[in-house]
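Chemist: please work out how this folds:
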Amino acid sequence: MKHSIRSRIRPILFVLAVLVAAVVGRSAYTQGYFTPAEEDPFAQALTYRVIRSDMAVTVAELGSLESSDNTKLVCRVRGQNTITSVVKSGTYVKKGEIVLTLDTLFIDEQISERSKYAHWSRAGAQHWLSRMTRAKLSIPEYLEGRYVASLMGMEKDLAIAESRLRTSQNMLAHSKMLADRGYVSELDVEQREFSVTTSELSVENTKTRIEVFKKTTKARELGRLEGELKIAKAQFGANDERAEADASRRDRAITEREYCTIRAPKDGLVIHPRAADWKGAPDITEGGTVNKEQVLLLMPDLDKMQIKVGVHEAVVSKINVGLPTRITLPNREPIVAAVSHVADIARPPSLGSGDVVKYDVIVELPPIADLKPGMSAEIEIVLAEHKDVLVLPVAAVLELENGFHCWVKAGGNIVKRTIKLGDSNDIFVVIQDGLSEGEDVILNPLAYIDDAQREVLVPFNNNPNQKENPDEAYPPIESQAADTDA
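Modeler: The predicted structure follows:
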């Protein structure tokens, strides 16, 4: 399986390498780095003379200016609200100027409605406050007034009944004495005895009434009065709380109506935030809707400008705080700055980015006049700088199974040379071993060197039964071309 995959990939790599190397080689030739070969079998090939030079390894990314210190004007009105007016992005304003207004029609209706309910609830609370006050006064009024008066009345009845009982007892004793002397009949004595019995029952009945009044009637009446007081208290508390809630809603609506007029907290530039930076929020425009806690406008500090770019995860490990950078802005001289922050966590993937993982790198700029947020910028981060080193175009290097190689002109011959590489950028690579200054190296060896073509196309296979002659696995380039023409 490994042999099959390599067999399919290498012809593709061969074609791509030929195209890329040809373009890079021709471009470099026009800049004076390369010279054409002398009249020999390889006269059509371009060569590069190895020299010592300075080389910088850089990472270039595109970004835009932003401020590291933005005063955010946030929507503080609940729900969705409609923008009725807003200043244009990029407008300079004075402190206190109106920069944005929201529609207040719904809030005005809420204020009117909540005011009405607040008055109704307050009226109910006052009614039950009056009932509660009366209920509180009813308890001492009963204990110290009606209860005492009723008890005194029953005690008076008891005293009268006892007095009548004593009178009846005295008259019975007198009647018995007269009966013994024969002055009255037995019937008169019996009537007197019945009167005594009636008086005794009246006394007992009055005592029972007093006892029941003290133990039961008093408790029942106190329970009723205290229950009415508790009901009045509960009703007053409910209505008072409802009144407070309605008044609070009304006051909150009044405050939110004030929030509908947003004024600049300071002098400065006002810009609209991009919707992409604020969780898919709608753009700030007249007639648009906004939500609570949404950032409506930004007032950036123009003395604290920065550039934030996304760097691929394969490169970010080489970037540290303090690395020098070169920043190019439209129609301006390049600015020299340094990396100020490297994110530890990858930025969320954006729509259409696929599986590309990037980390935010921030470069702070020194105070410069006339810088505005949103200006496009190109950042070139210098990862390494090499002084007086041997350099070779990457188009002259070929990676084979046993390492990196190039082909060097030696008189009238072309010699394959194994080389050891150092750091590299998009155009050049540092040569650590294998080449000397002044040697001429063939550019794009795949286009001119048959051996290079055969070595790239021959698949690597550790099978001992594989034939040692690579030409038997893949025919020479000339043979393939002839077969194609045939």
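Chemist: who are the packing partners of the helix or strand hosting residue 106?
Modeler: Assessed by DSSP states H and E, residue 106 sits inside helix 105-141. Contacts defined by 3 or more C-beta pairs under 8 Å, 6 or more residues apart in numbering; DSSP states H and E place helix 105-141 against helix 218-259. Where you see a C-beta, it was placed from the backbone N, CA and C, and this is true even at glycine.
Chemist: for the next helix-or-strand element following the helix it packs on, which strands pair with it and how are they oriented?
Modeler: Per DSSP H and E, the first helix or strand lying C-terminal to helix 218-259 is strand 261-263. Strand pairing for strand 261-263, determined by DSSP bridges: strand 98-102 (antiparallel).
Chemist: got the buried residues for the partner strand?
Modeler: Residues 99-102 are the ones in strand 98-102 that count as buried (16 or more other C-beta atoms under 10 Å).
Chemist: and those residues, which is closest to residue 268?
Modeler: For the buried residues of strand 98-102, the residue nearest residue 268 by C-beta to C-beta is residue 99; the value is 10.7 Å.
Chemist: and the nearest residue to that closest one once chain neighbours are set aside, its phi and psi?
Modeler: Spatial nearest neighbour of residue 99, chain neighbours left out: residue 87 (4.9 Å); criterion: C-beta to C-beta, 6 or more residues apart in numbering. Backbone torsions for residue 87, taken as degrees, to the nearest 10, come to phi -70, psi 160.
Chemist: how near is residue 87 to residue 448?
Modeler: 65 Å (C-beta to C-beta, to the nearest Å).
Chemist: follow-up on the earlier one: so how far is residue 269 from the residue nearest to residue 99?
Modeler: 10 Å.
Chemist: find the nearest non-adjacent residue to residue 403, please.
Modeler: residue 418 is the one closest to residue 403 (C-beta to C-beta, 6+ apart), at 5.8 Å.
Chemist: swap in residue 293?
Modeler: Leaving aside its sequence neighbours, residue 293 sits nearest to residue 74 (C-beta to C-beta, 6+ apart; 6.1 Å).
Chemist: who are the contact partners of that neighbour?
Modeler: By C-beta atoms under 8 Å, 6 or more residues apart in numbering, residue 74 lies in contact with 293-296.
Chemist: try it again at 10 Å.
Modeler: Shown in contact with residue 74 (C-beta atoms under 10 Å, 6 or more residues apart in numbering): 259, 262, 290, 292-297.
Chemist: does residue 59 sit in a helix or strand, and which one?
Modeler: strand 51-67.
Chemist: so in that sheet, which strands flank that strand, and in what orientation?
Modeler: Strand 51-67 has its sheet partners listed here by DSSP bridges as strand 305-312 (antiparallel), strand 376-393 (antiparallel).
Chemist: now, of the ones you listed, which is deepest in the fold?
Modeler: strand 305-312 (a mean of 20; mean count of other C-beta atoms under 10 Å).
Chemist: distance-wise, check the nearest residue to residue 355 once chain neighbours are set aside relative to residue 319.
Modeler: Distances taken as C-beta to C-beta, 6+ apart place residue 349 nearest to residue 355, at 7.8 Å, with adjacent residues excluded. Residue 349 is 20 Å from residue 319, where distance means C-beta to C-beta.
Chemist: the more surrounded of the two?
Modeler: For residue 349 versus residue 319, neighbours defined as other C-beta atoms under 10 Å are more numerous around residue 319 (17 against 12).
Chemist: filter the contacts of residue 74 to the buried ones?
Modeler: In these, burial by neighbour count holds for 259, 262, 290, 294-297, counting by 16+ other C-beta under 10 Å.
Chemist: of all those residues, which comes closest to residue 250?
Modeler: Nearest member of these to residue 250, counting by C-beta to C-beta, is residue 259, at 15.1 Å.
Chemist: got the contact list for that closest one?
Modeler: Contacts here follow C-beta under 10 Å, 6+ apart; on that basis residue 259 touches 74-78, 81, 102, 104, 107, 292.
Chemist: buried ones among the residues you listed?
Modeler: Buried among the contacts of residue 259 by 16+ other C-beta under 10 Å: 75-77, 81, 102, 104, 107.
Chemist: would a markdown table of the residues you listed with pLDDT be doable?
Modeler: As requested, the buried ones among the contacts of residue 259 are exported to a markdown table (pLDDT from 0 to 100):
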| residue | pLDDT |
| --- | --- |
| 75 | 92 |
| 76 | 91 |
| 77 | 91 |
| 81 | 89 |
| 102 | 93 |
| 104 | 91 |
| 107 | 89 |
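Chemist: picking up where we left off before, out of the strands paired with strand 51-67, which gets nearest to residue 179?
Modeler: Nearest to residue 179, of all the strands paired with strand 51-67, is strand 305-312, at 130.3 Å by C-beta to C-beta.
Chemist: before we move on, the earlier item: Serialize the strands paired with strand 51-67 to JSON lines and add fields for mean pLDDT and distance to residue 250.
Modeler: Formatted as JSON lines, the strands paired with strand 51-67 follow (pLDDT from 0 to 100; distance: least, C-beta to C-beta, whole Å):
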{"stretch": "strand 305-312", "mean pLDDT": "89", "distance to residue 250": "45"}
{"stretch": "strand 376-393", "mean pLDDT": "91", "distance to residue 250": "50"}
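Chemist: would you mark the buried spots in the helix holding residue 106?
Modeler: Using 16+ other C-beta under 10 Å as the test for burial, helix 105-141 gives 106-107, 110-111, 114-115, 117-118, 121-122, 124-125, 128-129, 131-132, 135-136, 138.
Chemist: any stretches of the stretch 301-450 of the chain with poor pLDDT?
Modeler: 350-354 (pLDDT under 70).
Chemist: quick one, helices of it?
Modeler: 313-316, 445-448, 450-457 (DSSP state H, counting those that start in this stretch).
Chemist: what does the first one rub up against?
Modeler: By C-beta under 10 Å, 6+ apart, the list of residues contacting helix 313-316 from outside reads 59, 61, 310, 342-344, 346, 356-361, 381, 383.
Chemist: most neighbours of all these, which one?
Modeler: Highest neighbour count within those: residue 361, with 26 neighbours (other C-beta under 10 Å).
Chemist: for that residue, name its beta-bridge partners.
Modeler: Here residue 361 shows beta-bridge partners residue 309, residue 342, assigned using DSSP bridges.
Chemist: residue contacts, it?
Modeler: Residue 361 neighbours (C-beta under 10 Å, 6+ apart): 59, 61, 63, 307-311, 315-316, 319, 321, 323, 325, 339-343, 379, 381.
Chemist: who's in contact with residue 121?
Modeler: Contacts of residue 121 (C-beta under 10 Å, 6+ apart): 238-247.
Chemist: let's see it at 7 Å
Modeler: Residues near residue 121 by C-beta atoms under 7 Å, 6 or more residues apart in numbering: 239, 242-243, 246.
Chemist: of those residues, which is the nearest to residue 55?
Modeler: Distance to residue 55, by C-beta to C-beta, is smallest for residue 246 among the contacts of residue 121, at 76.3 Å.
Chemist: ok so, going back, so which of the contacts of residue 259 sit within helices?
Modeler: When DSSP state H defines the helices, the subset of the contacts of residue 259 inside them is residue 107.
Chemist: so which of the contacts of residue 259 sit within strands?
Modeler: 74, 81, 102 (DSSP state E).
Chemist: need the residues you listed in CSV with distance to residue 175, can you?
Modeler: Compiled in CSV, the ones in strands among the contacts of residue 259 are given as follows (distance: C-beta to C-beta, whole Å):
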residue, distance to residue 175
74, 107
81, 104
102, 106
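Chemist: which single one of those residues is nearest to residue 68?
Modeler: Distances from residue 68 to the ones in strands among the contacts of residue 259, taken by C-beta to C-beta, are shortest for residue 74, at 18.5 Å.
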